[in-house]
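J.: what follows is a predicted protein model with its sequence.
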Amino acid sequence: MPPESTVASPGSSLARIASPAAESGTAPAVSDAELRSLASGLDRLQTTGERSPGRLRAIAAGVVPPLVFVAVLLVAWQLYVAIAQPRPDIAPGPLDVLSAFGTAWDSGRLQLAVGTSLERGVVGFLIAIAVGTPLGLLLAEVRPLRRAVGPIVSGLQVLPSVAWVPAAIIWFGLSDATVYFVILMGAIPSIVNGLISGVDQVPPQLRRVGTVLGAGAFAQATRIVLPAALPGYLAGLKQGWAFSWRSLMAAEIIAMGGTIGFGLGAMLQQNRELADLAGVLATIILILAIGILVELVVFGPVERRMLRRRGLLVGGTA
């Protein structure tokens, strides 16, 4: 009789690995390559039969609707100004705001403010990720520590980060450390709670599979639990970025002078002191545009890729 043919598949790999453990009661030693093969095989099973759309079509589907909506708003705004003819210092039109953009660009204030705020926002957010990720994983895995520290983290998330600005000024003075401290206090609680929420939704069967495959506590946390908790973790990252960006603007508006550089918050406050409503609206629109751009360019593609790998995204819709 010819030898029985074998087909390498995630199910057969799992059965082959788990069978000795079920018979002998011991966990076999399994290489990292087999763990990765099993995970990638399951992902392929979930996404079989789906055809990903073209890149340009996917970008157009995400960008065109917001652009159309913004164009409609601008047309309605311009019609209101043309028909009602309000005072320009109370209700400036789109052309006045565009002129304020041009003035800020020609003076170099716009480039300086955007560069300063983006640098602070990105650096502060990366530090928040580096601190919040291990802290969130620790609180999610160690129940006594979570019961002790979890309510405090949730309370910090509810606390408006602008409340930290006066204390940060007293501690660090008018320096960039004040701004970064406010960013961290706004972003870290959201990242921690998002990761904890994602870990709570991990099916217990995955932990059992990790135990059968011989994964230790650290390997389970980093190779099984953290990837499985990715949807909640990504939601926490998105919320953490939103809080860090808001915290940054609050800190820049209040903490001005000293060694603190000129950011978008300082530009907004400067236009307010000059009673330049067109400049104020131009700065607000710019702050909003940067937030939307980060969502579309950074978090949007990452989220779509994650959903597609898990078989939760059909075609190009999200």
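T.: Yep, that arrived.
J.: go through the helix or strand hosting Ala177 and flag the buried ones.
T.: If you go by DSSP states H and E, Ala177 is part of helix 176-200. By 16 or more other CB atoms under 10 Å, the buried positions in helix 176-200 come out as 176, 178-199. Quick note: C-beta positions are derived from backbone N, CA and C, even for glycine.
J.: chain center to that helix: distance?
T.: 11 Å (CA atoms, centre = their mean, to the nearest Å).
J.: give me the mean pLDDT for it.
T.: The average pLDDT for helix 176-200 rounds to 90.
J.: likewise for stretch 84-98?
T.: The average pLDDT for stretch 84-98 rounds to 84.
J.: one more: stretch 298-315?
T.: So the average pLDDT for stretch 298-315 ends up being 75.
J.: returning to what we had before: and the helix holding Ala177, what does it pack onto?
T.: helix 109-141, helix 143-158, helix 164-172, helix 230-254 (3 or more CB pairs under 8 Å, 6 or more residues apart in numbering; DSSP states H and E).
J.: how far off centre is the helix or strand following that helix?
T.: Downstream of helix 176-200, the next assigned helix or strand under DSSP H and E is helix 204-212. With CA atoms, centre = their mean as the basis, helix 204-212 stands 28 Å off its chain's centre.
J.: what about the helices in the stretch 1-150 of the chain?
T.: In the stretch 1-150 of the chain, the helices defined using DSSP state H, counting those that start in this stretch lie at 10-24, 32-47, 55-84, 94-107, 109-141, 143-158.
J.: in the last one, what's buried?
T.: Spelled out, it's helix 143-158. Buried residues in helix 143-158 (16+ other CB under 10 Å): Arg146, Gly150, Val153, Leu156, Gln157.
J.: what packs against that helix?
T.: Helix 143-158 packs on helix 109-141, helix 176-200, going by 3+ CB pairs under 8 Å, 6+ apart.
J.: what angle separates that helix from helix 109-141?
T.: 150 degrees (axes from the mean of the first three to the mean of the last three CA atoms, to 10 degrees).
J.: and for helix 143-158, what's in contact with it?
T.: Applying CB atoms under 8 Å, 6 or more residues apart in numbering, the external contacts of helix 143-158 come out as Leu138, Leu139, Ala140, Met185, Ile188, Pro189, Ser190, Val192, Asn193, Ile196, Phe243.
J.: just for the stretch 151-300 of the chain, where's the confidence low?
T.: Within the stretch 151-300 of the chain, the segments meeting pLDDT under 70 span 214-217, 258.
J.: using PDB, list the CA coordinates for the helix or strand containing Leu293.
T.: Using DSSP H and E, Leu293 falls within helix 277-294. Provided in PDB are the C-alpha atoms of helix 277-294 (Å, rounded to 0.1, in the frame of the first residue of the first chain):
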ATOM      1  CA  LEU A 277     -11.300  86.200  13.400                       C
ATOM      2  CA  ALA A 278     -10.200  85.200   9.900                       C
ATOM      3  CA  GLY A 279      -6.800  84.100  11.300                       C
ATOM      4  CA  VAL A 280      -8.500  82.300  14.200                       C
ATOM      5  CA  LEU A 281     -10.800  80.300  11.800                       C
ATOM      6  CA  ALA A 282      -7.800  79.600   9.500                       C
ATOM      7  CA  THR A 283      -5.900  78.100  12.500                       C
ATOM      8  CA  ILE A 284      -8.800  76.100  13.700                       C
ATOM      9  CA  ILE A 285      -9.300  74.700  10.200                       C
ATOM     10  CA  LEU A 286      -5.600  73.800  10.000                       C
ATOM     11  CA  ILE A 287      -5.700  72.000  13.300                       C
ATOM     12  CA  LEU A 288      -8.800  70.100  12.200                       C
ATOM     13  CA  ALA A 289      -7.200  69.300   8.800                       C
ATOM     14  CA  ILE A 290      -4.100  67.800  10.400                       C
ATOM     15  CA  GLY A 291      -6.200  65.600  12.700                       C
ATOM     16  CA  ILE A 292      -8.200  64.300   9.700                       C
ATOM     17  CA  LEU A 293      -5.100  63.800   7.700                       C
ATOM     18  CA  VAL A 294      -3.500  61.700  10.400                       C
END
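J.: no more questions from me, cheers.
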